[in-house]
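Chemist: Take a look and give me a structure for this.
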Amino acid sequence: MARKAKGPRDDFFFTFSFVVVITVLIGLFLGYLWIYNSVTGTIKENMALRRMQTQLENTNKELKSELSVLSRGDRIKRIARTRLHMVTPEPESLAVFIPEGPATDHKETP
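Modeler: Numbers count the residues shown, from 1 in each chain. Predicted coordinates for the structure are as follows:
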């Protein structure tokens with residue numbers, strides 16, 4: 001069997017196919033790098049947000065603890081007496097007298 005001689009048309013097809021394949025491979029590689037960088041950035045941002053969440057939760061716990069200490073009744077009374085010079089009022093007794101006879105407060109109107 002005789003070999004067929006390669007012509008310029010076969011060389012062009014081979015070269016064109018080679019360039020297309022290399023271009024597609026380079027495009028896929030660049031797409032992979034772009035996605036990899038995006039995922040890496042998202043993971044770093046997620047970790048930073050988790051650290052911030054932990055810090056905010058700790059701050060919230062500290063503030064709740066401080067609020068419970070500052071809103072204690074004995075502390076408020078002490079500050080009212082020492083800084084504001086307030087005094088506790090003496091207990092009062094209230095006497096209510098109910099008059100005998102028909103009630104005059106409830107008059108019916110026609």
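
Chemist: So which residue is dead centre in the protein?
Modeler: In the chain, the centroid-proximal residue (C-alpha atoms, centre = their mean) is residue 53; its distance is 7.1 Å.

Chemist: Centre of the chain to the host helix or strand of it, how far?
Modeler: Following DSSP states H and E, the helix or strand that holds residue 53 is helix 8-70. Mean C-alpha position of helix 8-70 versus that of the full chain (C-alpha atoms, centre = their mean, to the nearest Å) differs by 21 Å.

Chemist: Report the mean confidence score over it.
Modeler: Mean pLDDT, taken over the full extent of helix 8-70, equals 95.

Chemist: what about residue 59, distance to residue 65?
Modeler: As judged by C-beta to C-beta, to the nearest Å, residue 59 and residue 65 stand 11 Å apart. From N, CA and C alone the C-beta is placed, and that goes for glycine too.

Chemist: Equivalent analysis for residue 73, please.
Modeler: Per C-beta to C-beta, residue 73 is found 17 Å from residue 65.

Chemist: Over to residue 32?
Modeler: 50 Å.

Chemist: same deal with residue 24?
Modeler: For residue 24, the distance to residue 65 under the criterion C-beta to C-beta works out to 62 Å.

Chemist: go on, residue 79?
Modeler: 19 Å.

Chemist: and what of residue 82?
Modeler: Distance of residue 82 to residue 65, computed by C-beta to C-beta: 24 Å.

Chemist: Find the helix or strand that residue 91 is a member of.
Modeler: Since the elements are taken from DSSP H and E, residue 91 ends up inside neither a helix nor a strand.

Chemist: nope, residue 94 is what I meant
Modeler: Using DSSP H and E, no helix or strand contains residue 94.

Chemist: coming back round to it: would you tell me what the next helix or strand after the helix holding residue 53 is?
Modeler: Past helix 8-70, the next helix or strand by DSSP H and E is helix 73-82.

Chemist: All set now, cheers.
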